[in-house]
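J.: Take this sequence and fold it.
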Amino acid sequence: MAKATKEDGGLVETIKTVVYALLIAGVFRTLFFQPFWIPSGSMKDTLLIGDFLFVNKMAYGYSRYSCPFSLCPFEGRILDSAPERGDVVVFRHPVNGTDFIKRLIGLPGDTIQMKDGVLHINGAAVGLEQGGQFSEPFQKQGPMGYYPRCENAPVGEGGTCTKTRQIETLPGGVSHDILNVGEGFFSDNTKVFTVPEDHYFFMGDNRDNSQDSRYSQLNGGVGYVHKDYLIGRADRIMFSSAGRSLFFVWTWRPDRFFKAIE
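T.: Prediction:
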């Protein structure tokens, strides 16, 4: 009988250990990191559809969207450190409440404008270098089944879809790839945007395929994003799959596992 009691006690301790581990993991996830799956191609080729990453929710301190009200005794944001130009940031859309991921381009007080497809910050054009071509198959991508937009359109199913790649260098020295589908898009020539106090201006790296701060919130765009809506910084891709299901092992992209986001 004593043996049975001892075994029962061991089982209880095991269950307690598992429960405590799950609770700790849940708190860790809630307070420090948030998983994020890339559903669209607006950040190609920095981020591809099917990339899985964790968002560092501590990068800028807490906000109403990075910390639940039940755990944080405040509203608004407490900034431990200011976001930096060039960061890849996850934020809550100010209108529809969905999570977006874009690159931080404009800081409070900056002027932003696109002229003939070239980004201008505070009146000066950013540095641009040619980066060759970005190629991908013209086929449905990810669970949503989106087709990519191609500079060489029309492209048949399974054909090679290409876009022009450039290397953009922002003030401060952050360099990253951008993609262009073509010329003449509304987003290639914009008015001058002046970023308000406590707000930020975001753009997708896939410049002709991104609903970002260049588009008014009245038209479904992001517009200026208040600091309270920032969730965290994306630093590293943990896993990536090109298929429409995580279980399609043959579509995994091992070369993107644990890749730093630049």
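
J.: residue contacts, the nearest residue to Leu47 once chain neighbours are set aside?
T.: Counting by CB to CB, 6 or more residues apart in numbering, Leu47 lies nearest to Ile38, which is 5.0 Å off, once chain neighbours are set aside. Where C-beta positions appear, they are placed from N, C-alpha and C, glycine not excepted. When contacts are counted by CB atoms under 8 Å, 6 or more residues apart in numbering, Ile38 is found next to 47-53, 101, 142.

J.: what's the pLDDT at Ile38?
T.: Here, the pLDDT recorded for Ile38 equals 92.

J.: Need the phi and psi values for it.
T.: Reported as degrees, to the nearest 10, the phi and psi values for Ile38 are phi -80, psi 110.

J.: And it, how far from Gly145?
T.: Using CB to CB, to the nearest Å, one obtains 15 Å as the distance from Ile38 to Gly145.

J.: buried residues in stretch 91-99?
T.: Under the neighbour-count criterion of 16 or more other CB atoms under 10 Å, stretch 91-99 has 91-94 buried.

J.: Just the CA coordinates for it, please, in PDB.
T.: Listed in PDB are the C-alpha atoms of stretch 91-99, where the atom choice follows Å, rounded to 0.1, in the frame of the first residue of the first chain:
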ATOM      1  CA  PHE A  91       1.800  46.700 -34.500                       C
ATOM      2  CA  ARG A  92      -1.900  46.800 -34.200                       C
ATOM      3  CA  HIS A  93      -3.700  48.400 -37.200                       C
ATOM      4  CA  PRO A  94      -5.200  51.700 -35.800                       C
ATOM      5  CA  VAL A  95      -8.600  51.100 -37.400                       C
ATOM      6  CA  ASN A  96      -9.400  47.400 -38.000                       C
ATOM      7  CA  GLY A  97      -7.400  46.000 -35.000                       C
ATOM      8  CA  THR A  98      -5.400  43.300 -37.000                       C
ATOM      9  CA  ASP A  99      -1.700  42.700 -36.400                       C
END
